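*Asks:* one predicted model, sequence on top.
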Number of protein chains: 2
Amino acid sequence: MGQKNNYDMTKDRILNEAETLFAQKGYHGVTVREITEAANCNLASVNYHFGNKWNLYLAVFHFRWLPRAKSLHDAVVKDLEKNDFPSRSDVVKALAHAFLEGPLAEEERTRHSLLIFRELTQPTEAFELIAKEAVLPLFQLVSDSLRPVMPAELDEKRLKLNIFSIFAMVIYFNFARAAITHITGQNYDQDFKAMLTEHITNFSLHGLGAKAEE
Amino acid sequence: MGQKNNYDMTKDRILNEAETLFAQKGYHGVTVREITEAANCNLASVNYHFGNKWNLYLAVFHFRWLPRAKSLHDAVVKDLEKNDFPSRSDVVKALAHAFLEGPLAEEERTRHSLLIFRELTQPTEAFELIAKEAVLPLFQLVSDSLRPVMPAELDEKRLKLNIFSIFAMVIYFNFARAAITHITGQNYDQDFKAMLTEHITNFSLHGLGAKAEE
DNA sequence: GTCTATAGCAGGATAGAC
DNA sequence: GTCTATCCTGCTATAGAC
């Protein structure tokens, strides 16, 4: 039992440090030495606990990324349950709020985002896992929530594109921070994030608001 | 002179293969050996022509990525010049069209996108270069085009957020192909891309079209 | 379960012949 | 400018003592 604590703690520390480093530098950019030094344990422990470096990478998604994705999913569900019949605006707001100001701490969110961006652009075995366990379910949730409040004549294909567009903004404003900060000089403080949530909701509902011209 | 041809050709072949491989696997995922084998030249030629691996990476952005970005920029400019006073719709359409159906061939676009996504999420020295030479100028162009057709009371900050949202979609639909194909089962053929351009334009102008409910 | 020591190999870079 | 041969560092992974 005392041993089991040590076991868990070392394994946990490795997972924590591995997640941070993989998020920052990508799989190939990180060495096992780096991870074990950061985790304050021996070089050999990665192989002992996870077999090899690649399995450690997968374990990060399994034991760290997925639970966090579930907490995001739950935050959206809870937000939607406030209303018996959530409006379009409720759905968008729930999503934007969860991703930009939700249950995840600031640095946690960055880590979470970086890990999935790498998988989105260059899918590996890990993508299979998170698509099935997190991405598809969340997409389905949003789809089911929007379907009853969108015009009946809107076909499935176009409904999906609309949902992708909402995700596009939520995700983009998370991952393009470097560019956004560079262009606007704006830091991601509490105020700016609240403004972003408001903007995303508004843009998703009305776009640029072109009524005046056409 | 005959020598200069060989010189150029080897250097060019290295740049070509390096670009493809860096886009596919990222800087650390690629080895110099891999590049020179693909370019059908000797291992030492990378060091001869570019000094070291890192300089080759920067050269890819300088000699390959930037010219392509300029051709995209030009496509947008030319499209906008069709109208003396481009409407909001004209601006969005010009952007979406250039990025999804513009001057770049299919595989070229993917390469181009992958390279910048890596830099957007994890900026290096290369980001400085392309931000100054390509990203900021394009942003400015869109900003200048939209300013006269947006309400005067819209402040700079919010105008910028609107522009980011348009870019968000244009970029997202390029880079999240893996996810989109996985979820929709839809391939990026000519028809789908035309539908995307239409969708992005429409969504950017009207959002989900929430007039009915609020 | 944790450590040291090391095998075994792949990587970037260079020297020097042609 | 291009090539071969080679140096040397740093990597993953494992064997085996504790």
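*Replies:* Thanks, I have the structure now. Numbering: from 1, shown residues only, chains lettered A, B, ... in the order given.

*Asks:* buried set for the top helix by length along chain A?
*Replies:* Counting residues, the longest helix in chain A under DSSP state H turns out to be helix A:2-25. Within helix A:2-25, the residues that count as buried by 16 or more other C-beta atoms under 10 Å in any protein chain shown are A:10-11, A:13-23, A:25. No exception for glycine: its C-beta is placed from N, CA and C like everyone else's.

*Asks:* so which elements touch the helix or strand harbouring residue A:191?
*Replies:* In this structure, residue A:191 sits in helix A:190-206 according to DSSP states H and E. Packing partners of helix A:190-206 (3 or more C-beta pairs under 8 Å, 6 or more residues apart in numbering or on different chains; DSSP states H and E): helix A:88-101, helix A:156-175, helix B:156-175.

*Asks:* and the second one, what's buried?
*Replies:* When burial is assessed from 16+ other C-beta under 10 Å, helix A:156-175 yields the following buried residues: A:158-175.

*Asks:* how about the residues of chain A by DNA strand D?
*Replies:* Within chain A, the positions near DNA strand D by C-beta under 7 Å from any atom of the strand are A:30-34, A:43-44, A:46-47, A:51-54.

*Asks:* for burial, what's the neighbour tally of residue A:133?
*Replies:* Other residues within reach of residue A:133 by the criterion other C-beta atoms under 10 Å in any protein chain shown amount to 16.

*Asks:* ok, residue A:40 next?
*Replies:* Neighbours around residue A:40, by other C-beta under 10 Å: 10.

*Asks:* mind checking how far it is from DNA strand C?
*Replies:* For residue A:40, the distance to DNA strand C (C-beta to the nearest atom of the strand, to the nearest Å) stands at 8 Å.

*Asks:* tell me who's in contact with that residue.
*Replies:* Applying C-beta atoms under 8 Å, 6 or more residues apart in numbering or on different chains to residue A:40 gives the contacts residue A:13.

*Asks:* what secondary structure does it sit in?
*Replies:* Under DSSP: H, G, I helix; E, B strand; the rest coil, the three-state class of residue A:40 is coil.

*Asks:* show the pLDDT at it.
*Replies:* With respect to pLDDT, residue A:40 scores 96.

*Asks:* phi, psi of it?
*Replies:* Dihedral pair for residue A:40: phi 60, psi 50, per degrees, to the nearest 10.

*Asks:* ok, now how distant is it from chain B?
*Replies:* As judged by C-beta to the nearest C-beta, to the nearest Å, residue A:40 and chain B stand 24 Å apart.

*Asks:* where does the prediction get shaky in chain A?
*Replies:* Along chain A, segments meeting pLDDT under 70 span A:1-8, A:210-214.

*Asks:* follow-up on the earlier one: for the helices and strands packed on helix A:190-206, give me JSON lines that also has distance to residue B:108.
*Replies:* Formatted as JSON lines, those follow (distance: least, C-beta to C-beta, whole Å):
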{"stretch": "helix A:88-101", "distance to residue B:108": "32"}
{"stretch": "helix A:156-175", "distance to residue B:108": "22"}
{"stretch": "helix B:156-175", "distance to residue B:108": "12"}
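
*Asks:* any chance of those in a markdown table, plus distance to DNA strand C?
*Replies:* Formatted as a markdown table, the helices and strands packed on helix A:190-206 follow (distance: least, C-beta to the nearest atom of the strand, whole Å):
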| stretch | distance to DNA strand C |
| --- | --- |
| helix A:88-101 | 35 |
| helix A:156-175 | 27 |
| helix B:156-175 | 25 |
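
*Asks:* can you tell me which of those is nearest to residue B:184?
*Replies:* Closest to residue B:184 of the helices and strands packed on helix A:190-206 is helix A:156-175 (C-beta to C-beta; 5.8 Å).

*Asks:* so the closest one, near chain B or not?
*Replies:* Yes. Applying C-beta under 8 Å from any C-beta of the partner chain, one finds that helix A:156-175 is in contact with chain B at A:157-158, A:160-162, A:164-165, A:167-169, A:171-173, A:175.

*Asks:* list the buried residues for the helix or strand following that helix?
*Replies:* Going down the chain from helix A:156-175, the next helix or strand is helix A:177-184, by DSSP H and E. For helix A:177-184, a neighbour-count test (16+ other C-beta under 10 Å) marks A:177, A:179, A:180, A:182, A:183 as buried.

*Asks:* could you dump the residues you listed to JSON lines with distance to residue A:124?
*Replies:* Listed next are the buried residues of helix A:177-184 as JSON lines, based on distance: C-beta to C-beta, whole Å:
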{"residue": "A:177", "distance to residue A:124": "24"}
{"residue": "A:179", "distance to residue A:124": "25"}
{"residue": "A:180", "distance to residue A:124": "28"}
{"residue": "A:182", "distance to residue A:124": "29"}
{"residue": "A:183", "distance to residue A:124": "31"}
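
*Asks:* tell me the one of those residues nearest DNA strand D?
*Replies:* Ranked by distance to DNA strand D (C-beta to the nearest atom of the strand), the buried residues of helix A:177-184 are led by residue A:177 at 27.7 Å.

*Asks:* state the distance from the closest residue to that closest one other than its chain neighbours to residue A:12.
*Replies:* Nearest residue to residue A:177, sequence neighbours excluded (C-beta to C-beta, 6 or more residues apart in numbering or on different chains): residue A:188, at 6.2 Å. Here residue A:188 is placed at a distance of 28 Å from residue A:12 (C-beta to C-beta, to the nearest Å).

*Asks:* does stretch A:73-90 reach chain B?
*Replies:* Yes. Contact between stretch A:73-90 and chain B, assessed by C-beta under 8 Å from any C-beta, occurs at A:87, A:88, A:89.

*Asks:* most surrounded residue in those residues?
*Replies:* Tallying neighbours with other C-beta under 10 Å puts residue A:88 at the head of those, with 23 neighbours.

*Asks:* what residues go with each domain of chain A?
*Replies:* Following automatic domain parsing, chain A resolves into domains at A:1-51, A:61-207.

*Asks:* so which of the ones you listed is the most surrounded?
*Replies:* By mean neighbour count, with neighbours taken as mean count of other C-beta atoms under 10 Å in any protein chain shown, domain A:61-207 ranks first of the domains of chain A at a mean of 18.

*Asks:* and it, how far apart are its ends?
*Replies:* 35 Å (C-alpha to C-alpha, to the nearest Å).

*Asks:* out of the residues of stretch A:73-90 next to chain B, who's nearest residue B:95?
*Replies:* Among the residues of stretch A:73-90 next to chain B, and counting by C-beta to C-beta, the member closest to residue B:95 is residue A:88, at 24.9 Å.

*Asks:* measure that closest one to residue A:154 for me?
*Replies:* Taking C-beta to C-beta, one finds residue A:88 at 12 Å from residue A:154.

*Asks:* rewinding a little: and for the helix holding residue A:191, what's in contact with it?
*Replies:* Contacts of helix A:190-206 (C-beta under 8 Å, 6+ apart): A:88-89, A:92-93, A:96-97, A:100-101, A:165-166, A:169-170, A:173, A:186, B:157-158, B:161-162, B:165, B:206-208, B:210, B:214.
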